[in-house]
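Q: missing the sequence, but the structure's below:
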């Protein structure tokens, strides 16, 4: 059982590393598409090469099969033998998407993945056959000998391979490494290099590889990256020793490996053996990230990691050491009945607790740029599909958000960008007729103000016509024909379920379709969303979020014997009113600063029993430039709420967004101000909930 758990842990580490490599591959392609650069091609080649290597270690042979062929193409591109065409771009993006699916389907059991595997392999092979120049002849099939500024003449190198238990556990497939070495020149193996077994569990066997090449030391070491701890590289001659050996001993030619012409039976045996071993003993790799693993289904594993700077970890270790020291001081002072030191230690622990809180939040924060790759890819694919020219501008990509908030907000932002592409940006000819540039602009701007993060998604497209929204709303019976709504109130209607202003249905999106889901997701994060637009000028959607939702600042209040917490960011002011004056008429409004503010009673909303006090405290909330109020019995004070998960019991309750445990063990419920505001706007139609 223990071996199985270790195996899964290491495989999860591989999946995380593979996802990072696929992201780097995708990012490199998108950058090269905008501004071609030879260094980017070299970088892409190294990524594909590394992905192939680590996939082979862990038995993901389906990924190895595809990346091995694609690596050959990119090697040809960087050696000016193949031109990077649209077909290569397209198949590369398809391979990235397919490999992401293979990370949860290593044995390719899914029928759809099986078909894609065959199609992609066939497509890559055809691209190579058509694109490789010059045409293949008997001479062209020979490995290309590379020349570098460092080493322009042929040398013979000897690679001493130490085959020990560590190499076996890593499940290195030596056949792939030999293939890559052969691409640098001529290769001859000495001993059982392909046989990774050792005669004894703790013994060491040796093998050797002769390599004749003009490649540099760095290029050879790059190929041998995954076995670097098990080899010694020595230059033994400034000439081609294998050529001299072939002249003196013709039989030796048959022992020399020419990958372009032959594939040995030993290679096939080694591949099979390695694939079997990797299931039992995956490689042990170092992970420099903090993360958690969540299994949502039997065949689906998702891994979330946060890269943490060493400065933050050093700070954490310092706080831990201080806490251990202070704890010892506290215990010793209690034992010696030293009240002064006990008091000082308690105060120090209080300070350390706050520092731990700040440090923990900082560790969880990740830059928004972590989610931007998906947006770049989305815009690239949809602009090609819809024949639109789009420039994506990003500002504030280093703005940081809590990892959970970032994961939750990615899909809503993706939906908003999709709407901008489909129904915001016009076709080039339409934009030109309007006097606009043919290339539309979509801008994502992120910035921080206090403990709040703002994300703005804007386009310079067609905009949203408020009169069109009004007509649609009247047609659907959402508003009365005589209703007088402000422009902002009309824009808010697009967040109603099923409400759309799209003139025609689209398989990509519809302006308004799904916007109710977008708003709900944002409200779950205690955030707000606001829309501003101008016809033929563009649309801007602003999202306001808390930097972290793990710990939030609240105002603690009490109604009867129940505790409630209101997020401080929503609170404008607190005031008091006589109860009999507050409820003397039925309109549930009170005068405040020349305004009639609607209010609801939390006692009535949650059906809490007990006598109502003579004076009620009113919490005035400001949302969307409007004021609302909640009446409570007593205001206790500011409280830093650590949000706890209480499952469906809490999350499915209306008006409640979470819960927290007070210092005395009592439960406090965190109010969902957005839901309560809806109740303020129409108390007659709101349903009460029963708690306790």
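A: Thanks, I have it. Since this is a predicted model, take the numbers as computed values, not measurements. Numbering: from 1, shown residues only.
Q: Residue 677 is in what secondary structure piece?
A: With secondary structure defined by DSSP states H and E, residue 677 is part of helix 673-681.
Q: by contact count, what packs against that helix?
A: Using 3 or more Cβ pairs under 8 Å, 6 or more residues apart in numbering; DSSP states H and E, the elements in contact with helix 673-681 are strand 595-601, strand 615-623, strand 626-632. Where C-beta positions appear, they are placed from N, C-alpha and C, glycine not excepted.
Q: Which one of those lies nearest to residue 179?
A: Nearest of the helices and strands packed on helix 673-681 to residue 179, taken as Cβ to Cβ: strand 615-623 at 63.3 Å.
Q: got the contact list for the host helix or strand of residue 70?
A: Using DSSP H and E, residue 70 sits within helix 61-78. Helix 61-78 is contacted by residues 18, 38, 41-42, 44-45, 48-49, 51-52, 55-56, 82-84, 88, 91-92, 95, 98-99, 102, 106-108, 117, 120-121, 124-125, 127-128, 131-132, 173, 176, 179, 183, 271, 275 when judged by Cβ atoms under 8 Å, 6 or more residues apart in numbering.
Q: List buried members of those by neighbour count.
A: Among those, the ones that count as buried by 16 or more other Cβ atoms under 10 Å are 18, 41, 44-45, 48-49, 51-52, 55-56, 82, 84, 88, 91-92, 95, 98-99, 102, 106, 108, 117, 120-121, 124, 127-128, 131, 173, 176, 179, 183, 271, 275.
Q: Which ones among the residues you listed lie within helices?
A: With helices taken from DSSP state H, the overlap with those comprises 18, 41, 44-45, 48-49, 51-52, 55-56, 88, 91-92, 95, 98-99, 102, 117, 120-121, 124, 127-128, 131, 176, 179, 271, 275.
Q: Name the spans of the stretch 301-450 of the chain whose pLDDT lies under the cut-off.
A: Scanning the stretch 301-450 of the chain with the threshold set as pLDDT under 70 gives 301-305, 450.
Q: number of nearby residues for residue 609?
A: Counted with other Cβ atoms under 10 Å, the neighbours of residue 609 add up to 8.
Q: returning to what we had before: hey, what's the angle from the helix holding residue 677 to strand 595-601? Just curious.
A: Here helix 673-681 runs at 110 degrees with respect to strand 595-601, directions being taken by axes from the mean of the first three to the mean of the last three Cα atoms, to 10 degrees.
Q: Show me which residues of helix 673-681 are buried.
A: Applying 16+ other Cβ under 10 Å to helix 673-681 flags 673-674, 676-680 as buried.
Q: Likewise for stretch 663-673?
A: 668-673.
Q: hey, which strand is longest across the chain?
A: If you go by DSSP state E, the chain has its longest strand at strand 439-449.
Q: Helices of the stretch 201-350 of the chain, residue ranges please.
A: Secondary structure of the stretch 201-350 of the chain (DSSP state H, counting those that start in this stretch): helices at 217-223, 241-248, 265-280, 310-335, 339-364.
Q: other SSEs contacting the next helix or strand along the chain from the last one?
A: Right, the one you point to is helix 339-364. Using DSSP H and E, the helix or strand that follows helix 339-364 towards the C-terminus is strand 365-367. Using 3+ Cβ pairs under 8 Å, 6+ apart, the elements in contact with strand 365-367 are strand 400-402, helix 403-419.
Q: Name the surrounding residues that touch the first one.
A: Contacts of strand 400-402 with the rest of the structure, by Cβ under 8 Å, 6+ apart, involve 361, 364-368, 409, 448, 453, 545, 547-550.
Q: wait, which of the residues you listed is closest to residue 207?
A: Distances from residue 207 to the contacts of strand 400-402, taken by Cβ to Cβ, are shortest for residue 366, at 44.5 Å.
Q: got the contact list for the residue lying closest to that closest one once chain neighbours are set aside?
A: Using Cβ to Cβ, 6 or more residues apart in numbering and skipping residues adjacent in sequence, the residue nearest residue 366 is residue 403, 5.2 Å away. Contacts for residue 403 were tallied using Cβ under 8 Å, 6+ apart; they are 304, 306, 364-366.
Q: Serialize the residues you listed to a markdown table and add fields for neighbour count and distance to residue 344.
A: Formatted as a markdown table, those follow (neighbours: other Cβ atoms under 10 Å; distance: Cβ to Cβ, whole Å):
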| residue | neighbour count | distance to residue 344 |
| --- | --- | --- |
| 304 | 14 | 40 |
| 306 | 16 | 35 |
| 364 | 21 | 31 |
| 365 | 18 | 32 |
| 366 | 19 | 37 |
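Q: hmm, which two among those are most spread apart?
A: For these, the farthest-apart pair by Cβ to Cβ is 304 and 365; their separation is 14.0 Å.
Q: got a markdown table for the helices of the stretch 201-350 of the chain, with distance to residue 429 too?
A: Below are the helices of the stretch 201-350 of the chain laid out as a markdown table (distance: least, Cβ to Cβ, whole Å):
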| stretch | distance to residue 429 |
| --- | --- |
| helix 217-223 | 49 |
| helix 241-248 | 63 |
| helix 265-280 | 54 |
| helix 310-335 | 52 |
| helix 339-364 | 47 |
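Q: Let me see the ranges of the strands in the stretch 401-550 of the chain.
A: Ranges of strands within the stretch 401-550 of the chain are 439-449, 452-459, 528-534, 538-546, based on DSSP state E, counting those that start in this stretch.
Q: Can you tell me which of those is nearest to residue 626?
A: Nearest to residue 626 among the strands of the stretch 401-550 of the chain is strand 528-534 (12.0 Å), distances taken as Cβ to Cβ.
Q: Note down every partner strand of that closest one and its orientation.
A: strand 538-546 (antiparallel) (DSSP bridges).
Q: Could you list the buried residues of the next helix or strand after the partner strand?
A: Next helix or strand after strand 538-546 toward the C-terminus (DSSP H and E): strand 551-559. Residues of strand 551-559 classed as buried by neighbour count (16+ other Cβ under 10 Å): 551-552, 554-559.
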